[in-house]
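Undergrad: What follows is a predicted protein model with its sequence.
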Amino acid sequence: MTGVNLNKSISLLGCALQMYFSLALGSTECIILSVMAYDRFAAICRPLQYNTIMNKTLCAGLAAGTWGISFINSALHVTLTFQLPYCKSHHVNHFFCEMPPFFRLSCKDTFFNEILMYVGAGIIVMCSFCLTLISYVYIISTILKIRSSQGRQKAFSTCVSHLTVVSLYYGTIMFVYLRPRSTYSAEIDKTVSILYTAVTPMLNPIIYSMRNKEVKNTITREHAKDLRLI
């Protein structure tokens with residue numbers, strides 16, 4: 001085919017910026033998901049104290065801390081990654097610029113970089129995940145104490161969408177960044193990366209909107225029409 005640009009090259013600066021913002025925004029989402037879990041904990045387990053707990057000062061502090069930690073962490077990793085000497089190839093076997101594929105291109109031992117990546121991922125991802133898990137242990141415990149089934153269903157429905165997003169996002173992130181080097185597979189990583197960079201963000205609005213009564217009613221009506229047509 002003529003007239004089609006098949007150039008898949010990217011400048012070093014462009015690649016660095018892509019890696020920086022991808023890592024920073026990914027880390028931000030991890031922490032925000034844990035903050036959302038804490039917000040649900042406060043709403044369900046401490047309903048009378050919710051406005052006192054989740055006040056404007058705390059919300060502003062959590063937002064600033066989330067963005068600050070994520071962008072500082074990203075700057076450190078990207079700086080160390082691009083200080084490595086690359087002499088094996090200029091071809092990155094990935095859909096976008098990410099640290100693990102770059103480590104495979106370096107002619108220098110990347111053990112320190114990989115350890116730092118695991119530590120950074122461990123602190124941000126695992127701490128955020130643990131905070132989310134602890135919040136939901138209290139949330140589920142509180143929900144089970146609600147006597148009416150309607151009350152339990154209503155309380156649990158506020159958490160279903162968030163739990164779905166958490167499962168999709170953390171599952172793929174942990175698979176890529178927290179598994180041993182010996183299990184590395186370029187093709188698998190490329191496929192998984194599409195999930196947490198494109199598929200999950202695309203599904204987020206759909207998942208969260210499922211709690212919207214108008215969306216639910218529309219889906220129910222369309223489903224009923226389909227059944228009548230059959």
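TA: Yes, it's here.

Undergrad: which secondary structure elements does the helix ranked longest in the chain contact?
TA: Scanning the chain for the helix with the most residues, using DSSP state H, yields helix 12-45. When contacts are defined as 3 or more Cβ pairs under 8 Å, 6 or more residues apart in numbering; DSSP states H and E, helix 12-45 packs onto helix 50-53, helix 56-81, helix 99-103, helix 127-144, helix 149-177. Just so you know, the C-beta spots here come from the backbone N, C-alpha and C atoms, and that holds for glycine as well.

Undergrad: who wins for proximity to Phe41 among these?
TA: Of all the helices and strands packed on helix 12-45, the one in closest proximity to Phe41, counting by Cβ to Cβ, is helix 127-144 (4.1 Å).

Undergrad: for that closest one, which positions count as buried?
TA: Residues of helix 127-144 classed as buried by neighbour count (16 or more other Cβ atoms under 10 Å): 128-129, 131-132, 135-136, 138-139, 142-143.

Undergrad: Convert the C-alpha atoms of it to CSV, please.
TA: Coordinates of the C-alpha atoms in helix 127-144 are reproduced here as CSV (Å, rounded to 0.1, in the frame of the first residue of the first chain):
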residue,chain,number,x,y,z
CYS,A,127,1.0,-0.9,50.2
SER,A,128,-1.9,0.5,48.1
PHE,A,129,-3.2,-3.0,47.7
CYS,A,130,-2.9,-3.8,51.4
LEU,A,131,-4.7,-0.6,52.4
THR,A,132,-7.4,-1.5,49.9
LEU,A,133,-7.6,-5.1,51.3
ILE,A,134,-7.7,-3.9,54.9
SER,A,135,-10.4,-1.4,54.1
TYR,A,136,-12.6,-4.1,52.5
VAL,A,137,-12.1,-6.5,55.4
TYR,A,138,-13.7,-3.9,57.6
ILE,A,139,-16.3,-3.0,55.0
ILE,A,140,-17.4,-6.6,54.4
SER,A,141,-17.4,-7.2,58.2
THR,A,142,-19.7,-4.2,58.6
ILE,A,143,-22.0,-5.2,55.8
LEU,A,144,-22.5,-8.7,57.2
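
Undergrad: what's the distance between that helix and the middle of its chain?
TA: A distance of 18 Å separates the C-alpha centroid of helix 127-144 from that of its chain, computed with Cα atoms, centre = their mean, to the nearest Å.

Undergrad: For it, which outside residues touch it?
TA: Residues from elsewhere that reach helix 127-144 (Cβ atoms under 8 Å, 6 or more residues apart in numbering): 30-31, 33-34, 37-38, 40-41, 44-45, 152, 155-156, 159, 163, 166, 170, 174.

Undergrad: Please check those and keep the buried ones.
TA: Neighbour counting with 16+ other Cβ under 10 Å marks 30-31, 33-34, 37-38, 40-41, 44-45, 155-156, 159, 163, 166, 170 as buried within the contacts of helix 127-144.

Undergrad: average pLDDT for stretch 202-216?
TA: Taken as a whole, stretch 202-216 has a mean pLDDT of 62.

Undergrad: Thank you, goodbye.
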